[in-house]
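*Asks:* sequence plus predicted model, see below.
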Amino acid sequence: MKIALGSDHGGFKMKEEVASLLASLEHAVSDVGCFSKDSVDYPEVAQQVCSLVREGTAQCGILICGTGIGMSIAANRQRDIRAALCHEAYTARMSREHNNANVLCLGGRVLGIEVAFDIIRVWLTTSFAGGRHQRRLDMLS
Ligand code: RB5
């Protein structure tokens, strides 16, 4: 799968580890940065990842900041983006099954890396259930 990946400085360390996980799972990753611990502004990173998803260059996106909150707020301002901030595997699964989330947001300063990996594995392998959930998504557009 083609996955757009991005972080600010608060998510940089986790983003590097997530890039390795995705490569090991044989996904094609477009890493938009950041590429160091230097301070950057999360709205710009969120916009870059969301653009790749919206134009179809990536099938989905993963955004990481310190808490995941700023990235989720920024991503959900973009048309056709359904970004889910997840802290464990259950909400990750439901965000795909019920909400057809196309961007996953994680908090690099609040999640252990194994929990983050669990969330990502579940999120990438769960499909949208459709049906009544599609009707509800239609109401959002
Ligand atoms: C950066 O210090 C921090 O504010 C950012 O990573 C994020 O947590 C914002 O929501």
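*Replies:* It's in. Numbers count the residues shown, from 1 in each chain.
*Asks:* and the gap between residue 61 and residue 132?
*Replies:* Separation of residue 61 from residue 132 (Cβ to Cβ, to the nearest Å): 26 Å. In this view, the C-beta of every residue, glycine as well, is placed from N, C-alpha and C.
*Asks:* neighbour count for the two, which is higher?
*Replies:* Using other Cβ atoms under 10 Å as the criterion, residue 61 and residue 132 rank with residue 61 on top: 29 against 8.
*Asks:* for that one, give the beta-bridge partners.
*Replies:* When assigned by DSSP bridges, residue 61 has beta-bridge partners residue 4, residue 103.
*Asks:* residues contacting it?
*Replies:* If a contact means Cβ atoms under 8 Å, 6 or more residues apart in numbering, then residue 61 has 3-6, 49-50, 52-53, 75, 102-104 as its contacts.
*Asks:* could you redo the last one with a cut-off of 6 Å?
*Replies:* 4, 49, 53, 103 (Cβ atoms under 6 Å, 6 or more residues apart in numbering).
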